[in-house]
Every structure is written in structure tokens, then in C-alpha cells.
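Undergrad: got a predicted structure plus its sequence, pasted below:
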Amino acid sequence: MSYDTEHVRNVGETPGPITGIPTFTELLDNTDLAALYTSIRRAGTTTGPELVETTTVSKKTVYDYLHKLEQAGLISEVGDDAGTVVYAAEEFELTLTVQNTEVSITPQLVEIVAHENDFPTIERVLDDHGLVTFALAHDLVTAHSEGDVTIRQISELTGLSTGTTYDLVEALYSILDLGDDDSTPTTYVPDKFDDGEGDLLHESADE
Amino acid sequence: MTRIYTANVADTVMFRNLGKHPSPHMQSLQRAVEEARTEIWVPAAVYHELADAGSTDPPANPYLDTAIEDGWLRVATPLPGDRADGFDASAGSVKKARYVADEFLNRQSKYPETNNWADAALVALAVQLFEQNSRIRVITHTADANLAEACARIPPEFGYYDIKSRYYNPPQTAKTEFPTVESLTWDEQ
């Protein structure tokens, strides 16, 4: 059985604990913690020794962070591999609403923070412009990869300078592996647009 | 018989990817331009976006100035028209094309209306080059899908069909795919 209340949705018969709330926000502020969570999420399942091998932080830090993430419910023990605990990441969404503006912290944003050291513009945007602008820029760059906005539109909608926007676009395309697999540019020619697409000049004149 | 001139109009994102002078990617572009017997054109809006903010008067441009001095990259004279004036049916083609492009980009966007005057300059410059040259073909280069579409769709509405629009996705592919003879040439291999 599952039911909703004013503050809680999908609660089971015995409500599961969510503790360690600071860990959720620390994911946006601690690159190593964000990188560890992202590594587990990307791997599907993994173990402590595997993480010690692949991350740049010390063995002690890996286990401290695993404990912290598990306490917060962000990772779970899902098995045992010859006596070693196997972990899997949990999806989450932490939504904040302030003065009617709603913003969600998700694993997608955490993945970007995990690459902060490779792309200084990420830290600059988060520190100087805040979480809402950062999350908005993420969504708009994703929209750009789908052809829905131009880079200059991202700049205007976020209030970021064009220079910062170009840097951020490059960073997010690399981190999130956005865009086509084929690197060859697509060439549009007038023939591509048939008569059924409408006459833009007359549409502007009519307006 | 006079050879048909091919002009290549490039957006800001191309040069952001190639990097500031001295850049091996810009050197590749210069070689490709010479081999393809073409020139790179940019609207004044693109030059200003790439200039160092407020450093000198006139502004220094670490991406473009050397190419301009070497004579293979040209900055177009400021284009006519003012976005605030709205569409004027009696205006010239360049002005009208820019307004139509601005409107088209807003219509294609799933988010609120924005000022697309700098984006629209690419389309307007292509139309201006057609107006000023009778034997010309134009290739535009950008990493914005909607702008790439506007570049191929709008000039034909003014009677100019010799246009191709190259769209680089992801944008960073411009580093290697833009500075090539093939990308700058009308009859690519």
C-alpha cells in the first residue's frame, strides 16, 4: 500500500528514512563527492575496491564518502562480491521552491559538478550566478543539442555573458556527450525546405 | 568567363572553437581558405562578440585581427535596420531578411521571446553579399540548428538560391571540420 499526504508522496507502510540531508547539497559543493556518486551511477553497480582504483581520492576518503552517501540514501548495498559489498546509486530529485521559483537538484546536475576541475566555468557559474541559473543553463544547453534554442538565446535567457555561455556550452556537450556521433557537419540547402513549410517573408509581413 | 566567387560566412562559435591567435586551428583555416580560393566573412556583431571587452578603442580582437590583417577574413560593414522598428515592407532585402530571421528564431524556440538580432545578422549578411555581387555563392557555418535552417530558408525567399548552410553538431566538431577545404568549397568531394 502506498499513499500521499501534504508533504509526502508514495509513502509505504513503513516509511523509509531520509537522513543526511546536508549530503544532498554537498553534492553541489564537493567535486570529489559528486564524482564518486556519479561513478557509481554510471557503473550501474560497483564495489569499494573498484572505486579506490578508479578515483583520485584516498582509500579512506572513498570509504568515508560511501558511508555518507549510504546514510543519505543516495546509494544502497545491492549484493556481495566474494565478501565485498556491491553498491548501486539511487536516483533522486531535491526540489526547492523560493519566491515561486522552483529548482530541482538531480543526478544530472551532480554529474556536471563532478567535472568542475576540468571546466572552471562550471564553478564560476555556480558561485557567481547561483543554482537557478546553473540548472537553467543545463536545461537550455540540452535543448540546444536538440535544436530548440540558439547559443545566443541561452545567453539572453540565463543572463550569462556570451563568452561564459560559449564556454559552458562546450563543457556541457563534453560532459554529457551531447550531439551527433558523426562529426561531419550537416549541410542544409534550399531544396530541403519544400513548399509546405510556409513563406516566412509573407508571414512576417502579415504580422 | 568570370569565376563564381564563393563567400563563407562564419558564426562566433566557429572562432571560439578554433581559439585565439596564435592557434594551429586558425592556421589550418588560413591554409584551407587559400586552397579553396575563398574568403571568410563575419558580420560586425560577430567581430564585437569576439573582441576583448573594453580594452582598447578600436577594440582588439584576439581571434580575428591577425586574419583580417593577413587579408583572408573580412568584417562586413554594419548591416542596415533596427530591431525596434519592426518589419517594414518597403525596406530593402537585407533589412527585411534580418527581421524575418529574428522572428523565425523566436517561433522555433520553445522558450520566451528573445532578441535574436545578432543571430539574424548571419542571414542578413548572406543576403547583402548576394545583393552586392552577381556571380556569388554563399556557404554559412554555425552550430545552431535553427539558425542553420534560417540561413538556408530565408535568402531563397529574396530570390537567392545559391546558398548552403553547414551545421556543426556538437559545436566542438568545428575545431576539425570547419578549417578544411571541403567545408569551404561549394562542390565538396
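TA: Arrived safely.
Undergrad: isn't residue A:94 right up against residue A:24?
TA: Yes: taking contacts as Cβ atoms under 8 Å, residue A:94 lies within contact range of residue A:24: 5.0 Å. In short, each C-beta sits where N, CA and C put it, glycine included.
Undergrad: what is the neighbour count of residue A:115?
TA: 18 (other Cβ atoms under 10 Å in any protein chain shown).
Undergrad: rewinding a little: which residues are common contacts for residue A:94 and residue A:24?
TA: By the contact definition Cβ atoms under 8 Å, 6 or more residues apart in numbering or on different chains, residue A:94 and residue A:24 are jointly contacted by residue A:105.
Undergrad: residue ranges with poor pLDDT in the chain?
TA: Just so you know, I chose chain A. Residue ranges of chain A with pLDDT under 70: A:194-198, A:207.
Undergrad: look at chain B instead
TA: Counting by pLDDT under 70, chain B shows low-confidence ranges at B:1, B:54-55, B:188-189.
Undergrad: in it, which spans are helices?
TA: Ranges of helices in chain B, per DSSP state H, are B:12-18, B:24-36, B:44-50, B:65-69, B:93-108, B:117-132, B:145-157, B:174-177, B:181-184.
Undergrad: need the residues of chain A near chain B, please.
TA: A:140, A:143-145, A:147-153, A:156-157, A:162, A:166, A:169-170, A:173-174, A:178-180, A:183-190, A:192-193, A:197, A:199-201, A:203-205, A:207 (Cβ under 8 Å from any Cβ of the partner chain).
Undergrad: about what we covered before: nearest to chain A, of the helices of chain B?
TA: helix B:145-157 (3.3 Å; Cβ to the nearest Cβ).
Undergrad: next one: stretch A:65-72 to chain centre, how far?
TA: 19 Å (Cα atoms, centre = their mean, to the nearest Å).
Undergrad: and chain A, what are its domains?
TA: Following automatic domain parsing, one gets these domains for chain A: A:21-89, A:115-176.
Undergrad: can you list the ones you listed in JSON lines and add distance to residue B:131?
TA: JSON lines is the format used below for the domains of chain A (distance: least, Cβ to Cβ, whole Å):
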{"stretch": "domain A:21-89", "distance to residue B:131": "52"}
{"stretch": "domain A:115-176", "distance to residue B:131": "25"}
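Undergrad: among these, which is the most enclosed?
TA: Using mean count of other Cβ atoms under 10 Å in any protein chain shown, the stretch among those with the largest mean neighbour count is domain A:115-176, at a mean of 19.
Undergrad: so what's the gap between the longest helix seen in chain A and the chain middle?
TA: Once chain A is assigned using DSSP H, the helix that runs over the most residues is helix A:120-145. Per Cα atoms, centre = their mean, the displacement of helix A:120-145 from the mean C-alpha position of its chain is 10 Å.
Undergrad: I'd like the next helix or strand past it.
TA: Sequence-wise, the next helix or strand downstream of helix A:120-145 (DSSP states H and E) is helix A:151-158.
Undergrad: other residues contacting that following helix?
TA: Contacts of helix A:151-158 (Cβ under 8 Å, 6+ apart): A:129, A:133, A:136-137, A:140-141, A:144, A:149, A:160-162, A:164-166, A:169, B:13, B:105, B:109, B:111-112, B:114-116, B:118-119, B:143-144, B:171.
Undergrad: for residue A:106, which residues are in contact?
TA: Residues in contact with residue A:106 (Cβ under 8 Å, 6+ apart) are A:91-94.
Undergrad: go through those residues and name the one nearest chain B.
TA: residue A:93 (21.6 Å).
Undergrad: the helices of chain B into JSON lines, with extra columns for mean neighbour count and distance to residue A:66?
TA: As requested, the helices of chain B are exported to JSON lines (neighbours: other Cβ atoms under 10 Å in any protein chain shown; distance: least, Cβ to Cβ, whole Å):
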{"stretch": "helix B:12-18", "mean neighbour count": "26", "distance to residue A:66": "39"}
{"stretch": "helix B:24-36", "mean neighbour count": "17", "distance to residue A:66": "43"}
{"stretch": "helix B:44-50", "mean neighbour count": "21", "distance to residue A:66": "46"}
{"stretch": "helix B:65-69", "mean neighbour count": "17", "distance to residue A:66": "52"}
{"stretch": "helix B:93-108", "mean neighbour count": "23", "distance to residue A:66": "46"}
{"stretch": "helix B:117-132", "mean neighbour count": "24", "distance to residue A:66": "47"}
{"stretch": "helix B:145-157", "mean neighbour count": "24", "distance to residue A:66": "42"}
{"stretch": "helix B:174-177", "mean neighbour count": "20", "distance to residue A:66": "39"}
{"stretch": "helix B:181-184", "mean neighbour count": "20", "distance to residue A:66": "48"}
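Undergrad: can you redo the ones you listed as JSON lines with distance to residue A:28?
TA: JSON lines is the format used below for these (distance: least, Cβ to Cβ, whole Å):
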{"stretch": "helix B:12-18", "distance to residue A:28": "27"}
{"stretch": "helix B:24-36", "distance to residue A:28": "34"}
{"stretch": "helix B:44-50", "distance to residue A:28": "30"}
{"stretch": "helix B:65-69", "distance to residue A:28": "40"}
{"stretch": "helix B:93-108", "distance to residue A:28": "32"}
{"stretch": "helix B:117-132", "distance to residue A:28": "32"}
{"stretch": "helix B:145-157", "distance to residue A:28": "30"}
{"stretch": "helix B:174-177", "distance to residue A:28": "30"}
{"stretch": "helix B:181-184", "distance to residue A:28": "40"}
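Undergrad: can I get the ones you listed in TSV with distance to chain A?
TA: Shown next, in TSV, are the helices of chain B (distance: least, Cβ to the nearest Cβ, whole Å):
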stretch	distance to chain A
helix B:12-18	5
helix B:24-36	14
helix B:44-50	5
helix B:65-69	17
helix B:93-108	5
helix B:117-132	5
helix B:145-157	3
helix B:174-177	5
helix B:181-184	7
